[in-house]
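> model this:
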Amino acid sequence: SLSANERNIQERFTNKQTFIELRINPYYQHLKGKHPLLHRIIDDTVEQCLATSQCLVSGDFSPKNILVEGPKITLLDFEVAHYGDPSFDIGFLLNHLLLKSVKNKRYKESYLNMMVVLLEEYFQYTPGFSRKELEESTVRQLALLFLARVDGKSPAEYITSEEDRTWIRKFSYEVLESKIKTI
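So this is what the prediction gives:
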């Protein structure tokens with residue numbers, strides 16, 4: 001992110017309390033009650049997310065908050081913005097596309113291609129970040145966010161099939177247990 005190492009931005013966005021209340025607690029902490037086997041992974045992910053202060057993080061980086069008009073891109077909704085861990089934003093955005101690929105199976109290849117393109121574009125504009133470390137962290141964030149959208153406090157209302165919810169749980173566990181490190 002272009003905001004990395006920008007002291008004035010970091011100082012303005014140090015407070016992570018709203019992020020904790022609106023993202024960490026309903027997405028991650030709530031999962032611990034439904035998935036006790038994931039306590040350690042969730043705690044480690046939350047600890048890393050809160051301890052990292054690498055760049056400006058939207059905390060709500062989703063397609064509905066990105067306006068595109070020609071070459072101009074405008075981001076909306078900074079309620080949970082803070083200086084933090086970029087893997088949360090990347091995982092949050094990719095999670096929306098992954099969920100849409102489950103809902104709209106006939107377009108799954110297009111959604112998955114969008115995920116790859118977005119990730120490549122992100123890394124093209126963040127040369128100062130370790131791709132290996134950031135991508136590994138993003139995979140973990142993505143798997144937990146994917147699971148949280150079926151078993152967290154804010155389930156995706158468009159994932160209505162129990163078969164799909166079961167598949168999402170199974171897939172999330174497989175990713176987390178296999179220690180996959182790349183998208």
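> Would you mind measuring from the nearest residue to D85 once chain neighbours are set aside to L94?
Spatial nearest neighbour of D85, excluding adjacent residues (Cβ to Cβ, 6 or more residues apart in numbering): T52 at 3.7 Å. All C-beta spots, glycine's among them, are computed from the backbone N, C-alpha and C. T52 sits 18 Å away from L94, going by Cβ to Cβ, to the nearest Å.
> so who does the residue nearest to D85 touch?
T52 makes contact with 84-85, 87, according to Cβ atoms under 8 Å, 6 or more residues apart in numbering.
> cool, and P63?
Counting by Cβ under 8 Å, 6+ apart, P63 has contacts 93, 96-97.
> Format these as TSV; extra columns: pLDDT, neighbour count and secondary structure.
Putting the contacts of P63 into TSV (pLDDT from 0 to 100; neighbours: other Cβ atoms under 10 Å; DSSP: H, G, I helix; E, B strand; the rest coil) gives the following:
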residue	pLDDT	neighbour count	secondary structure
L93	96	25	helix
H96	97	19	helix
L97	97	20	helix
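> nearest to I73, of the residues you listed?
Distances from I73 to the contacts of P63, taken as Cβ to Cβ, are shortest for L93 (12.7 Å).
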